[in-house]
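1. My questions concern the predicted model and sequence given below.
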Amino acid sequence: MLYDGRHGYVARYGDALLAWLEPKSGEHILDLGCGTGDLTARIAQTGAEVVGVDANAEMLAQAQAKFPALRFVQADAMALPDFGRPFDGVFSNAVLHWIPDLAAVATGLARVLRAGGRFVAECGGAGCNAGITGMLARVANEHGFAFADTGHFRPLAEIVAPFEAAGFRVTRTEWFPRDTLLDGPDGMLNFLRMFRRGCIADVSEIEQEALFEETVERLRPTHLRADGWHADYTRQRLLCVHP
């Protein structure tokens, strides 16, 4: 699968966020947007009882195949189901920037978390991948195609606001740039294929691939270095407590 094979850095960087969650043996933890389950499994190694949730059926199938002893549920983060018991904590890595309605997420989390439960998240920050996205938009527009980024890279204040409105107490935040080495010699092309599909309107698969390839060539002076392709990520983290 392209995600596991070429974008393993997403889970690797997520390890640092686990220190914010501090899962404990016996706790009930939700991994929101679990993808192919690597971080779900690491949470489970602490002795916590963990449920992985993702909207992508293909990723969940990969997760269940890799970690058959764990529980995975297909669900939309903006419409979480009833899990039968409240969670002590919710963990979310590299997910919130793909969700258009954070207020719906915050409302759902307030419902599934116990009083005093915590929510820990990391997502793309304002300006995340601006160089890559800006070049792809330029290339698409030059060829007569409309471009709309499917990511929602919000300022930190716009991340915090819907959770505070849902009653959460935000106790810790962090924003930082993170230059990221992409995997393999085709790292930039695979990045576009994985994370920028659907941004270009009314385009065929063949046309989209050609636009991606042209974008890669035009990014060579700025994003290709001696050790490989780099992405201009920015990240932000959030820790909040349900009262």
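-> Yep, that arrived. Treat the numbers as computed from the prediction; the structure is a model and nothing was measured. Numbering: from 1, shown residues only.

2. Could you count how many residues lie near residue 118?
-> When counting by other CB atoms under 10 Å, one arrives at 22 neighbours for residue 118. Any C-beta I mention is one placed from the backbone N, CA and C, and that applies to glycine too.

3. where does the most centrally placed residue in the chain fall, phi/psi-wise?
-> For the chain, the residue nearest the mean C-alpha position is residue 94 (2.0 Å; CA atoms, centre = their mean). Dihedral angles of residue 94 (phi, psi; degrees, to the nearest 10) stand at phi 60, psi 40.

4. my guess is it contacts residue 124, does it?
-> Yes: Residue 94 is within contact range of residue 124, at 7.5 Å (criterion: CB atoms under 8 Å).

5. Which strand or helix spans residue 173?
-> Applying DSSP states H and E as the criterion places residue 173 in strand 169-181.

6. can you check residue 39 too?
-> helix 38-44.

7. Buried residues in the top helix by length along the chain, which are they?
-> Counting by DSSP state H, the longest helix found in the chain is helix 205-223. Within helix 205-223, the residues that qualify as buried are 208, 211-212, 214-216, 219, 223, counting by 16 or more other CB atoms under 10 Å.

8. That one - what's its average pLDDT?
-> Across helix 205-223, the average pLDDT comes to 98.

9. Just the CA trace of it, in PDB.
-> Extracted as PDB, the C-alpha positions of helix 205-223 are listed here (Å, rounded to 0.1, in the frame of the first residue of the first chain):
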ATOM      1  CA  GLU A 205      -6.000  10.400 -14.100                       C
ATOM      2  CA  ILE A 206      -3.600  10.700 -17.000                       C
ATOM      3  CA  GLU A 207      -3.800  14.500 -16.900                       C
ATOM      4  CA  GLN A 208      -3.400  14.600 -13.100                       C
ATOM      5  CA  GLU A 209      -0.300  12.400 -13.200                       C
ATOM      6  CA  ALA A 210       1.200  14.700 -15.900                       C
ATOM      7  CA  LEU A 211       0.600  17.700 -13.700                       C
ATOM      8  CA  PHE A 212       2.200  16.000 -10.700                       C
ATOM      9  CA  GLU A 213       5.200  15.100 -12.800                       C
ATOM     10  CA  GLU A 214       5.600  18.700 -14.000                       C
ATOM     11  CA  THR A 215       5.200  20.000 -10.400                       C
ATOM     12  CA  VAL A 216       8.000  17.600  -9.300                       C
ATOM     13  CA  GLU A 217      10.400  19.000 -11.900                       C
ATOM     14  CA  ARG A 218       9.700  22.600 -11.000                       C
ATOM     15  CA  LEU A 219      10.200  21.800  -7.300                       C
ATOM     16  CA  ARG A 220      13.700  20.300  -7.900                       C
ATOM     17  CA  PRO A 221      15.600  23.600  -7.200                       C
ATOM     18  CA  THR A 222      13.900  24.200  -3.800                       C
ATOM     19  CA  HIS A 223      12.900  20.700  -2.400                       C
END
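
10. hmm, back to that, quick one, what contacts the residue nearest to the centre of the chain?
-> 10, 14, 33, 35, 122-124 (CB atoms under 8 Å, 6 or more residues apart in numbering).

11. Tell me how far it lies from residue 162.
-> According to CB to CB, to the nearest Å, residue 94 and residue 162 sit 18 Å apart.

12. Could you check how far the nearest residue to residue 14 once chain neighbours are set aside is from residue 75?
-> Using CB to CB, 6 or more residues apart in numbering and skipping residues adjacent in sequence, the residue nearest residue 14 is residue 93, 3.8 Å away. Separation of residue 93 from residue 75 (CB to CB) stands at 17 Å.
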